[in-house]
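# All I have is the shape, not the residue letters:
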Ligand SMILES: Cc1cc2nc3c(=O)[nH]c(=O)nc-3n(C[C@H](O)[C@H](O)[C@H](O)COP(=O)(O)OP(=O)(O)OC[C@H]3O[C@@H](n4cnc5c(N)ncnc54)[C@H](O)[C@@H]3O)c2cc1C
């Protein structure tokens, strides 16, 4: 059953829809064409309070749960998927710092987590699918850790000021540390030139003898694999919400156009072939929504949610690519023009067959869960 929102949650969600409709959605095409957020937009997102939703009250947040953050992300994605992906990258990182961070780490970063953005770096040039293939190391020196290595394709890379990074603390041992842009030895690298989610900065960081104390270790030494999996699960719920928002966007465009556009004297929405596409988009959107909401509800209730979250992103990503392709077809030749949003919606959805684990890896994870039952 769908969650009943409290009055405070309803207020937040209404504000999110209004902000998206007034401030973000009108810039959707501009963001895609320019490959960046227009000056001032991100600052408005910060000022509106989107970055601190899930933080406890003591750190200036409102303590909203995973179902609420996912619903916020869905509503933002309906206006622009890039901004929703930026929020996703921030939320999943803050969740891990909430779950595994020392009190000293939380006291250092959380008071400003509502004003500056965070990112989670696992992928390296040697590969993203197999965490053991990373080369970043964290080596004990006295009471500190010294980090060396580089991370690529980090959502918010360059925009984010604080990063959780996966590092090897032994040949077969993974741990997660928090580093920030003000630390000596930290540097930004290039920004990816991706075909979709063009507004979201996705970039590279370098760590050259970055020195941190034990307070900057998330969880325990050797807990990196578990923390990476936890970040992945939280991200998959939020990505399911992004994909649902993308399909909401595509369906809204396709149904409006189908009512107006005529084939002879008949609106194309009366043609069975067009209706079939609209129905397929609606079914894909609804199924993905139910999958991510179920995973978020399980998370909120303290139940296992890894398989459900993985299903939401694995199913939703392929479904959203097909749904946006159907919507493009409803628009005919205009759909193929970059002056309309359909092309970038396909590319936006396509990113999520790769980011946060490829669909191949996700299918393998789902199959492993089923085989273990
Ligand atoms: C938009 C976007 C945002 C991203 N954001 C982040 C981020 O915030 N943080 C971060 O760390 N990374 C991020 N990434 C990187 C992403 O997580 C990796 O691209 C992804 O994990 C795949 O790694 P790879 O690109 O190295 O491909 P590879 O691991 O080299 O895989 C190549 C191909 O082989 C397949 N393959 C590899 N191993 C297996 C296996 N065991 N079983 C089956 N198939 C396999 C893959 O499915 C894929 O098709 C982002 C990527 C994108 C596109």
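Perfect, thanks for sending it. Every value quoted in this text rests on a predicted model; they were computed, and no experiment measured them. Numbers count the residues shown, from 1 in each chain.

# who in the stretch 151-300 of the chain is up against the ligand?
Contact residues of the stretch 151-300 of the chain with respect to the ligand, defined by Cβ under 6 Å from any ligand atom, are listed as 153-155, 194, 197, 202. Glycine gets a C-beta too; all of them are placed from N, C-alpha and C.

# do that again at 8 Å, thanks
Those residues of the stretch 151-300 of the chain that sit near the ligand, judged by Cβ under 8 Å from any ligand atom, are 151-157, 166, 192, 194, 196-197, 200, 202, 235.

# Those residues in strands, which ones?
When strands are assigned by DSSP state E, the members of those inside them are 151-155, 166, 202.

# May I have the phi/psi pair for the residue of the chain found nearest the ligand?
Using Cβ to the nearest ligand atom, residue 128 is the residue of the chain that sits closest to the ligand, at 2.5 Å. For residue 128, the backbone dihedrals are phi -110, psi -20 (criterion: degrees, to the nearest 10).

# show me the contacts for it.
Listed by Cβ atoms under 8 Å, 6 or more residues apart in numbering, the contact set of residue 128 reads 122, 153.

# Contacts only, for residue 155.
For residue 155, the residues meeting the contact criterion (Cβ under 8 Å, 6+ apart) are 85-86, 88-89, 119-120, 200-202, 355.

# out of these, who's nearest residue 261?
Of all the contacts of residue 155, residue 85 has the smallest distance to residue 261: 30.7 Å, by Cβ to Cβ.

# Please work out the average pLDDT along stretch 217-229.
Taken as a whole, stretch 217-229 has an average pLDDT of 98.

# cool, stretch 171-189 as well?
Per-residue scores along stretch 171-189 average to 97.

# What is the distance between it and the centre of its chain?
In terms of Cα atoms, centre = their mean, to the nearest Å, the centre of stretch 171-189 is found 21 Å from the chain centre.

# for it, which positions count as buried?
If you call a residue buried by 16 or more other Cβ atoms under 10 Å, then stretch 171-189 has these buried ones: 174-180, 186, 188.

# Columns distance to residue 263 and secondary structure on top of the residues you listed, output as a markdown table?
Formatted as a markdown table, the entries for the buried residues of stretch 171-189 read as follows, by distance: Cβ to Cβ, whole Å; DSSP: H, G, I helix; E, B strand; the rest coil:
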| residue | distance to residue 263 | secondary structure |
| --- | --- | --- |
| 174 | 58 | strand |
| 175 | 61 | strand |
| 176 | 56 | strand |
| 177 | 60 | strand |
| 178 | 58 | strand |
| 179 | 58 | strand |
| 180 | 57 | strand |
| 186 | 58 | strand |
| 188 | 52 | strand |
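
# For the residues you listed, please prepare a markdown table with the additional fields distance to residue 37.
Below are the buried residues of stretch 171-189 laid out as a markdown table (distance: Cβ to Cβ, whole Å):
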| residue | distance to residue 37 |
| --- | --- |
| 174 | 33 |
| 175 | 33 |
| 176 | 28 |
| 177 | 28 |
| 178 | 25 |
| 179 | 24 |
| 180 | 21 |
| 186 | 23 |
| 188 | 17 |
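
# Between these, which sits nearest residue 224?
residue 174 (3.1 Å).

# shouldn't the closest one be in contact with residue 131?
Yes - counting by Cβ atoms under 8 Å, residue 174 does reach residue 131; the two are 6.0 Å apart.

# Overlap in contacts, the two.
In contact with both residue 174 and residue 131: 166, 224-225, 228, using Cβ under 8 Å, 6+ apart.

# what two of the residues you listed are the furthest from one another?
Largest separation among these by Cβ to Cβ: 166 and 225, giving 8.7 Å.

# between those two, which one's more packed in?
Per other Cβ atoms under 10 Å, whichever of residue 166 and residue 225 has more neighbours is residue 166, with 25 against 15.

# Hmm, that one is touching residue 173, no?
No - in terms of Cβ under 8 Å, residue 166 does not count as a neighbour of residue 173; the distance is 11.1 Å.

# and which of the ones in strands among the residues of the stretch 151-300 of the chain next to the ligand is nearest to residue 138?
The shortest gap between residue 138 and any of those belongs to residue 166, at 9.6 Å (Cβ to Cβ).

# Please, where are all the helices along the stretch 101-250 of the chain?
Taking DSSP state H, counting those that start in this stretch as the criterion, the stretch 101-250 of the chain carries its helices at 103-109, 224-260.
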